[in-house]
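Student: Sequence plus predicted model, see below.
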Amino acid sequence: MSDTTSPPQDFAATVEQLETIVERLESGELSLEDALTAFEQGVRLTRDAQQRLDSAELKVRALSEDSEGHLNVTPFTGPDDPKDAAEDESKETPPW
């Protein structure tokens with residue numbers, strides 16, 4: 001497999017492919033050559049997934065910055081448990 005293959009359409013597809021590769025590698029049924037090929041593909045997919053996560057983080061930061069460049073950090077609470085929202089507000093927020 002070459003490095004010129006196109007990446008999956010979305011992050012979920014990348015993760016799904018990685019899970020499949022891990023299962024194949026863990027099965028122990030691959031030959032050495034096939035295991036190396038699968039490992040190389042997994043490394044490429046992992047790098048792609050990390051780049052997607054980094055890009056998403058940058059977008060979130062850009063959308064969360066105020067006019068002075070400071071991040072507006074708001075604790076995330078799920079829609080099902082308003083009790084957790086009160087507990088989260090008392091916790092210290094990350095320094096970024």
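Tutor: Perfect, I can see it now. Numbers count the residues shown, from 1 in each chain.

Student: Could you list the low-pLDDT ranges of this protein?
Tutor: Residue ranges of the chain with pLDDT under 70: 1-9, 76, 78-96.

Student: top helix in it by residue count?
Tutor: helix 32-64 (DSSP state H).

Student: buried stuff in that helix?
Tutor: For helix 32-64, the neighbour count (16 or more other C-beta atoms under 10 Å) marks Ala35, Ala38, Gln41, Gly42, Arg44, Leu45, Asp48, Ala49, Arg52 as buried. Any C-beta I mention is one placed from the backbone N, CA and C, and that applies to glycine too.

Student: ok, Ala49 to Asp10 distance?
Tutor: Going from Ala49 to Asp10 by C-beta to C-beta, to the nearest Å gives 11 Å.

Student: quick revisit: what packs against the longest helix of the chain?
Tutor: Packing partners of helix 32-64 (3 or more C-beta pairs under 8 Å, 6 or more residues apart in numbering; DSSP states H and E): helix 11-27.

Student: Extract the C-alpha set from the helix it packs on and format it as PDB.
Tutor: Below are the C-alpha coordinates for helix 11-27, written out as PDB (Å, rounded to 0.1, in the frame of the first residue of the first chain):
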ATOM      1  CA  PHE A  11     -12.900  10.800  11.600                       C
ATOM      2  CA  ALA A  12     -15.300   8.000  12.500                       C
ATOM      3  CA  ALA A  13     -14.300   6.000   9.500                       C
ATOM      4  CA  THR A  14     -10.600   6.400  10.400                       C
ATOM      5  CA  VAL A  15     -11.300   5.100  13.900                       C
ATOM      6  CA  GLU A  16     -13.300   2.200  12.600                       C
ATOM      7  CA  GLN A  17     -10.500   1.300  10.200                       C
ATOM      8  CA  LEU A  18      -8.000   1.500  13.100                       C
ATOM      9  CA  GLU A  19     -10.100  -0.800  15.200                       C
ATOM     10  CA  THR A  20     -10.300  -3.300  12.400                       C
ATOM     11  CA  ILE A  21      -6.500  -3.200  11.900                       C
ATOM     12  CA  VAL A  22      -5.900  -3.700  15.700                       C
ATOM     13  CA  GLU A  23      -8.300  -6.700  15.700                       C
ATOM     14  CA  ARG A  24      -6.500  -8.200  12.700                       C
ATOM     15  CA  LEU A  25      -3.100  -7.700  14.400                       C
ATOM     16  CA  GLU A  26      -4.300  -9.100  17.700                       C
ATOM     17  CA  SER A  27      -5.700 -12.200  16.100                       C
END
